[in-house]
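A.B. asks: Give the three-dimensional model of this entry:
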Amino acid sequence: MSIPQSGGGPIENHAQLAQYLADGCKPKEDWRIGTEHEKFGYCKGLQKPLPYDGPCSIKAMLEGLRDAYGWAPVLEGGNIIGLEKDGANVSLEPGGQLELSGAPLQTIHETCDEVNAHLREVQDIADKIGAGFIGLGAAPIWRHEDMPVMPKGRYRLMTDYMDRVGTMGKTMMYRTCTVQVNLDFASEADMVQKLRVALALQPVATALFANSPFLDGKPNGQKSWRSRVWRDLDADRTGMLPFVFDDGFGFEAWVDYALDVPMYFVYRDGRYLDALGQSFRDFLVGKLPALPGEIPTLSDWADHLTTIFPEARIKKFIEMRGADGGPWRRLCALPALWVGLTYDQGALDAAWDVVKDWDAETREALRIVAAADGLQAETHGIKMQDLAARVVDIAEQGLRSRARPGAGGMIPDETHFLNALKDSLASGTVPADELLSRYHGEWGQDLSRIYADYSY
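C.D. replies: Reported below is the predicted structural model:
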C-alpha cells in the first residue's frame with residue numbers, strides 16, 4: 001500500500017481536486033511503466049511468516065538490503081518500514097508482505113530488469129538470514145492470528161475499521177499479495193478510454209494470473225481467492241465502478257466519487273490521525289472532527305486517493321489492480337499485457353471494441369466467474385478462454401506496434417513477455433490449476449510442500 005504523499009499546499013477551491021488528476025496528463029513520449037509486486041516472506045525452518053523484528057525478520061531484510069545494495073531507509077516512529085533508491089521504493093504490506101514499487105521506466109525490458117535485480121537482491125539477503133519468499137495471491141496455510149503486524153500507523157487504523165464495513169478486510173490486508181502496473185494517460189479523453197478498458201478487462205487479468213486457490217491449509221473453492229476477498233471488503237471503496245461508463249465521465253466525476261468514500265486518516269508530523277469514517281467534504285470546509293478548523297492540503301487529497309481500492313483506479317496515472325501475485329516469470333507478463341492493450345492507440349481501440357457493448361451486469365459477472373473458475377469461466381455467453389485469447393492477441397499486436405527493442409537491439413520488441421500467458425492459453429490452465437493438480441497429486445494434500453517447490 002502507498003506511503004504518505006507529499007507536495008501541495010492548501011486546497012482553496014474545489015477545482016484543484018480535479019486539476020490534481022489532470023496534472024497527470026503527459027504526451028505519449030513521456031509515458032512510463034511502473035510495476036509493483038508483493039510477495040510473502042517466511043522463516044525457512046518454521047515455514048512461518050517473517051516477524052517484524054529478530055534475526056530472521058522483515059527488519060533484518062530491510063537492513064540487509066540497505067547495507068548491501070545502497071537503499072536509503074524510510075522510517076516511521078524510529079522503525080525502518082521501507083527503502084528508496086533511483087525512483088523505486090520497497091515497502092511493507094500490513095502482514096509483512098514485501099512490495100517493490102518500481103521506478104517509472106520507458107520499456108518492459110527495463111521494468112523486467114528492475115524486477116529481476118530486486119528479486120536477486122531479496123534472494124541474497126533472504127539466504128543470509130534463513131528466509132524464503134514465495135509469490136502467491138493468498139497465504140496458503142497461515143491463519144490470521146499467525147500474521148505479524150507491521151509498525152505502521154496507517155495499518156493499525158485500517159485494521160480497526162475493516163470489521164465495521166465488511167467481512168474480508170483483514171484477510172486482504174494481512175494474507176493477500178498482488179502484482180499491478182501503473183500507466184499514464186495523455187488527456188482526459190485518453191484516461192476515460194483507458195480506465196473503461198481497464199475496468200472491463202480486469203477479470204481477464206484475474207483469470208490469467210489466478211494463483212490463490214488455498215487458504216487455511218486447504219482449497220478454498222476459488223482460483224483467485226484474493227479476487228474473491230475484494231468483493232466483501234468495503235463496498236464504499238471497491239468494485240467495478242459502473243459510473244465510469246456513464247456519458248460525461250471524467251476527472252470531475254472521479255472527484256465526486258472519491259469525496260464520497262469515507263476517510264481513513266490524516267497524516268500530520270509523522271503520525272496518522274484517526275479520521276475513520278469521516279468525510280473529505282467536511283474536511284474541505286474545515287469541519288473534519290479529526291482536525292477541526294483545518295482545511296486539507298493537496299497532499300491530504302493524494303493520501304485519500306490511495307485509500308480507494310476498485311479494480312482499476314486513477315490518481316495521476318491509472319493502476320491495474322486485478323492480478324494475483326505470482327511466480328517470477330509472470331511478474332513481467334502483467335505489465336506486458338496492459339502496456340500492449342493501452343499504449344498503442346490501435347490496440348486500445350480494438351480492446352474497447354471488445355467491451356463497449358457490455359453492461360454493468362456482464363462486467364460484474366465476469367469478475368465473479370474469473371475468480372472462481374479462471375480460464376474455465378463462462379458467463380453471459382462469454383467463454384473466458386476465448387476472451388483472454390482475443391485480449392492477449394490484441395496486446396501482442398500493440399507491443400509489436402510499439403516496437404521497443406531490448407538487449408541492445410537484439411530483441412525487436414516486447415512481445416516475448418507475453419509468452420507465459422500464451423502458454424496458459426494453449427494449455428487452458430493458470431498457476432492455480434497447477435497448484436491444485438500438485439496438491440491433489442504428488443503432494444498428497446500436504447500443502448507445506450508449496451514452500452520448497454514454489455519459492456523464488
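A.B. asks: from here on, contacts and neighbour counts on C-alpha atoms
C.D. replies: OK.
A.B. asks: what number of residues lie near Ala323?
C.D. replies: The tally of other residues near Ala323 (other CA atoms under 10 Å) stands at 29.
A.B. asks: can you check the one 3 residues further on too?
C.D. replies: For Gly326, the neighbour count with other CA under 10 Å is 27.
A.B. asks: surely it meets Leu136?
C.D. replies: Yes: the criterion here is CA atoms under 8 Å, and Gly326 meets it with Leu136 at 4.8 Å.
A.B. asks: Next, show the common contact partners of these two.
C.D. replies: Common neighbours of Gly326 and Leu136, using CA atoms under 8 Å, 6 or more residues apart in numbering, are Asn211.
A.B. asks: Now do the contacts for Pro412.
C.D. replies: Ala403, Arg404, Pro405, Gly406.
A.B. asks: what's the answer for Asp234, then?
C.D. replies: Met162, Val165, Gly166, Gly169.
A.B. asks: just Ala336 next, same as before
C.D. replies: Ile108, Ala395, Leu399, Glu414, Thr415, Phe417, Leu418.
A.B. asks: Surely it forms part of a helix?
C.D. replies: Yes: using DSSP: H, G, I helix; E, B strand; the rest coil, the assignment for Ala336 is a helix.
A.B. asks: now the nearest residue to Phe265 once chain neighbours are set aside: how far from Arg268?
C.D. replies: Closest residue to Phe265 in three dimensions, ignoring its sequence neighbours and counting by CA to CA, 6 or more residues apart in numbering: Ala275, at 4.4 Å. Ala275 sits 12 Å away from Arg268, going by CA to CA, to the nearest Å.
A.B. asks: before we move on, what about Pro289?
C.D. replies: Pro289 sits at a distance of 15 Å from Arg268 (criterion: CA to CA).
A.B. asks: These two - which one has more neighbours?
C.D. replies: Pro289 (14 against 10).
A.B. asks: Wait, Gly169 touches Asp160, no?
C.D. replies: No: counting by CA under 8 Å, Asp160 is not a contact partner of Gly169; they are 10.0 Å apart.
A.B. asks: higher neighbour count, the two?
C.D. replies: Gly169 (23 against 12).
A.B. asks: show me the residues around the more buried one that make contact.
C.D. replies: Thr159, Met162, Asp163, Val229, Trp230, Asp232, Leu233, Asp234.
A.B. asks: Would you double-check that the last one falls in a helix?
C.D. replies: No: the assignment for Asp234 by three-state DSSP gives coil, which leaves it out of any helix.
A.B. asks: Quick check on it: phi, psi?
C.D. replies: phi -170, psi 100 (degrees, to the nearest 10).
A.B. asks: May I have the predicted confidence score for it?
C.D. replies: At Asp234, the pLDDT value in this model is 97.
A.B. asks: Leu83 bridge partners, please.
C.D. replies: Beta-bridge partners recorded for Leu83 (DSSP bridges): Pro73, Val90.
A.B. asks: If you tally nearby residues, what's the number for it?
C.D. replies: Neighbour tally, Leu83, other CA under 10 Å: 21.
A.B. asks: gap between it and Ile33?
C.D. replies: 20 Å.
A.B. asks: swap in Ala126?
C.D. replies: 27 Å.
A.B. asks: How about Lys152?
C.D. replies: 28 Å.
A.B. asks: Looking at these two, which is more packed in?
C.D. replies: Ile33 (23 against 20).
A.B. asks: Can you pull the phi and psi angles for the more buried one?
C.D. replies: phi -130, psi 120.
A.B. asks: For it, give me its contacts.
C.D. replies: 103-108, 111, 181-184, 335, 339.
A.B. asks: of these, buried ones?
C.D. replies: Neighbour counting with 16 or more other CA atoms under 10 Å marks Ala103, Pro104, Leu105, Thr107, Ile108, Thr111, Val181, Asn182, Leu183, Asp184, Pro335, Val339 as buried within those.
A.B. asks: Quick one: low-confidence residue ranges for this structure.
C.D. replies: Residue ranges of the chain with pLDDT under 70: 1-7.
A.B. asks: Okay, the residue of it positioned farthest from its centre and Gly54: tell me how far apart.
C.D. replies: Here the chain reaches farthest from its C-alpha mean at Gly293, the gap being 35.2 Å by CA atoms, centre = their mean. Distance, Gly293 to Gly54, by CA to CA: 43 Å.
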